[in-house]
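A.B. asks: No sequence on hand, only this structure:
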């Protein structure tokens, strides 16, 4: 039986959830209340962490995939001493607070990943567990040896991303991954019986997981602790622990109701819950001194382990620079000198140039891991390394299988774990499958390199289903995501300099077809400006601005115009977002207000109105035929660009 102090500790978590949600008049109370005993067990008995040093590399990772229950996590972070104050708890969901509605990495100390969209946290956790095992294989268990703990709910397991991620986790045999499934049988619409009758245990066993179903054990801290200790050492399979909880417990009327999934704000119900817990219903945000002291001791109990770990790192026989590179993800000195350069006039598909780049960087960026959703050889992500498998965890090429959505979420988890630079690839048209994960990468500044190849109707014979039209514009709509569409192989190399040095994610959009290496693209520092003058003439009359494979059309059109006595400027625009980051003076130099602009891109015209007076673009779906023929039929020729320029001048 739990002691009186232990009982008050657990009930303090519940009361804080009640009070914070009530004060905000917004939030999700019931799950935080029901899982208070579980959170207590994890943070006081099982997890390895030092709350005073939240970024200790060898800490256990905790992921609240059921991110709507954020007050459960915020309460634990405050109580155990992560630097969150009681005032922060009072300001739950308020302007400027570090306790937002759903956990956000980089906002709240101790929050590892940004969760909210259900299922994403499970995928993130798989990425973290993959990264831990990979780094342990390369640095040794003396330096890397920790677990990843997850709390998920019904909604997480209904979303398809969790199925994809769980399947890969079982295949990879990630033994240090423990997921606790809060089986409360309630969703917003009502009982899970309305829409969900999976046998979760059998499903995860089929994935290759070790499963323990505890039944009605949500209040039994002894059973929770002993079971979680058991599964944490269960071998080389990920573990799922199923716990039947009662959402809203011990609120007498809200318990086991859909209403408890949201905000419990009825004053009488809150008072009754507090009375049931032995608390004064008139007192809010109550934290007894002995409760806080007990939790702060728990938050510091691994401090000695952290100090011993630091000693092992200092005394390791491994090179200190090597250890730092793998713990921080930083490249080795002078890494960029390895990037390839290409002679003008040669012809290289930019997806192939991307493969050249990552192969050139594999030894100087030890953290680089590359993989694809069953398109490794097609997308320029086929790193010259052995595959990462259950038996070869040190491999640096990761086969995700046909799991685009999980690939994105897993990559986010890898990046936010730290120590690796994940590069993930698929066809651009399948970016739609990944969008939720890509958006979260941008929101959480996860340093992921998203590689999308086969970037236009130039894909050809596969037809409209595989020819991206609106996708580049769609990705450009995501804040904090630079979308780079290189014109040629040299711009690809420059893009990699940017990808490695810049914080946060980046999208690299690549061609299937060969494109010529253009004169002038090898000059350093151009791609990072977003747009630059590639070819100029004295007193130009018109600007031809293109991205990706269409820049060559602008170059050819400029030459034809010049032969007719019409001077033009060619601007390569690999990245609109980076161009907007430049000062107004630079932007005006590239696009003087008095010069008309033709924008050229084999995609929708949406967005080009910001830069161009006329466009050669495509606002309809493609067609099945050889790529060159499709491009020609839809007007992506130098002659069409020249005609647009002449029309604009007239």
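C.D. replies: Thanks, I have it. Only a predicted model underlies this, so the values are computations on that prediction, with no experimental measurement involved.

A.B. asks: the helices in the stretch 101-250 of the chain, which residues?
C.D. replies: 120-139, 154-158, 160-172, 200-207, 221-232 (DSSP state H, counting those that start in this stretch).

A.B. asks: In the longest one, which residues are buried?
C.D. replies: Neighbour-count burial for helix 120-139, with 16 or more other C-beta atoms under 10 Å as criterion, is recorded at 120-136, 138-139. Yep, even glycine has a C-beta here, placed from its N, CA and C like the rest.

A.B. asks: So which of the helices of the stretch 101-250 of the chain is nearest residue 580?
C.D. replies: For residue 580, the closest of the helices of the stretch 101-250 of the chain is helix 120-139, at 28.3 Å, according to C-beta to C-beta.

A.B. asks: could the helices of the stretch 101-250 of the chain go into CSV alongside distance to residue 647?
C.D. replies: Compiled in CSV, those are given as follows (distance: least, C-beta to C-beta, whole Å):
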stretch, distance to residue 647
helix 120-139, 48
helix 154-158, 53
helix 160-172, 47
helix 200-207, 59
helix 221-232, 69
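
A.B. asks: possible to save those as a markdown table with mean pLDDT?
C.D. replies: Formatted as a markdown table, the helices of the stretch 101-250 of the chain follow (pLDDT from 0 to 100):
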| stretch | mean pLDDT |
| --- | --- |
| helix 120-139 | 98 |
| helix 154-158 | 97 |
| helix 160-172 | 98 |
| helix 200-207 | 98 |
| helix 221-232 | 97 |
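
A.B. asks: now for these, which one comes closest to residue 22?
C.D. replies: helix 154-158 (23.4 Å).

A.B. asks: Can you name every helix or strand that the closest one contacts?
C.D. replies: strand 186-187 (3 or more C-beta pairs under 8 Å, 6 or more residues apart in numbering; DSSP states H and E).

A.B. asks: how does it look with 10 Å?
C.D. replies: helix 120-139, helix 160-172, strand 177-182, strand 186-187, helix 200-207 (3 or more C-beta pairs under 10 Å, 6 or more residues apart in numbering; DSSP states H and E).

A.B. asks: Which one of these lies nearest to residue 92?
C.D. replies: Among these, the nearest to residue 92 by C-beta to C-beta is helix 120-139 (19.6 Å).

A.B. asks: what angle sits between the closest one and helix 160-172?
C.D. replies: 30 degrees (axes from the mean of the first three to the mean of the last three C-alpha atoms, to 10 degrees).

A.B. asks: Tell me the spatial nearest neighbour of residue 100, not counting adjacent residues.
C.D. replies: Once flanking residues are discounted, residue 100 sits nearest to residue 107: 6.2 Å by C-beta to C-beta, 6 or more residues apart in numbering.

A.B. asks: first to last residue in stretch 388-403, what's the distance?
C.D. replies: 16 Å (C-alpha to C-alpha, to the nearest Å).

A.B. asks: and the gap between residue 627 and residue 442?
C.D. replies: For residue 627, the distance to residue 442 (C-beta to C-beta, to the nearest Å) stands at 31 Å.

A.B. asks: scratch that, residue 218 is what I was asking about
C.D. replies: In this view, residue 218 and residue 442 are 36 Å apart by C-beta to C-beta.

A.B. asks: how deep is the nearest residue to residue 513 once chain neighbours are set aside tucked in, by neighbour count?
C.D. replies: Closest residue in space to residue 513, ignoring its immediate chain neighbours: residue 458 at 4.9 Å, by C-beta to C-beta, 6+ apart. Using other C-beta atoms under 10 Å, residue 458 is surrounded by 23 other residues.

A.B. asks: now swap in the one 5 residues further on and tell me
C.D. replies: Neighbourhood size, residue 463 [other C-beta under 10 Å]: 15.

A.B. asks: Quick check: which of the helices and strands packed on helix 154-158 is nearest to residue 234?
C.D. replies: Residue 234 lies closest, by C-beta to C-beta, to one member of the helices and strands packed on helix 154-158: strand 177-182, at 8.8 Å.

A.B. asks: Could I get the full set of helices for the stretch 251-400 of the chain?
C.D. replies: 258-261, 267-276, 289-300, 303-315, 320-328, 350-361.

A.B. asks: Could you export those to CSV, including columns for distance to residue 229 and mean neighbour count?
C.D. replies: As requested, the helices of the stretch 251-400 of the chain are exported to CSV (distance: least, C-beta to C-beta, whole Å; neighbours: other C-beta atoms under 10 Å):
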stretch, distance to residue 229, mean neighbour count
helix 258-261, 30, 22
helix 267-276, 30, 17
helix 289-300, 16, 17
helix 303-315, 17, 14
helix 320-328, 27, 16
helix 350-361, 41, 24
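
A.B. asks: could the ones you listed go into CSV alongside distance to residue 45 and mean pLDDT?
C.D. replies: What follows is the helices of the stretch 251-400 of the chain, written out as CSV (distance: least, C-beta to C-beta, whole Å; pLDDT from 0 to 100):
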stretch, distance to residue 45, mean pLDDT
helix 258-261, 27, 95
helix 267-276, 25, 98
helix 289-300, 8, 98
helix 303-315, 14, 98
helix 320-328, 27, 96
helix 350-361, 43, 98
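
A.B. asks: Distance to residue 154 added to the ones you listed, as a markdown table?
C.D. replies: Listed next are those as a markdown table, based on distance: least, C-beta to C-beta, whole Å:
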| stretch | distance to residue 154 |
| --- | --- |
| helix 258-261 | 10 |
| helix 267-276 | 23 |
| helix 289-300 | 29 |
| helix 303-315 | 35 |
| helix 320-328 | 36 |
| helix 350-361 | 40 |
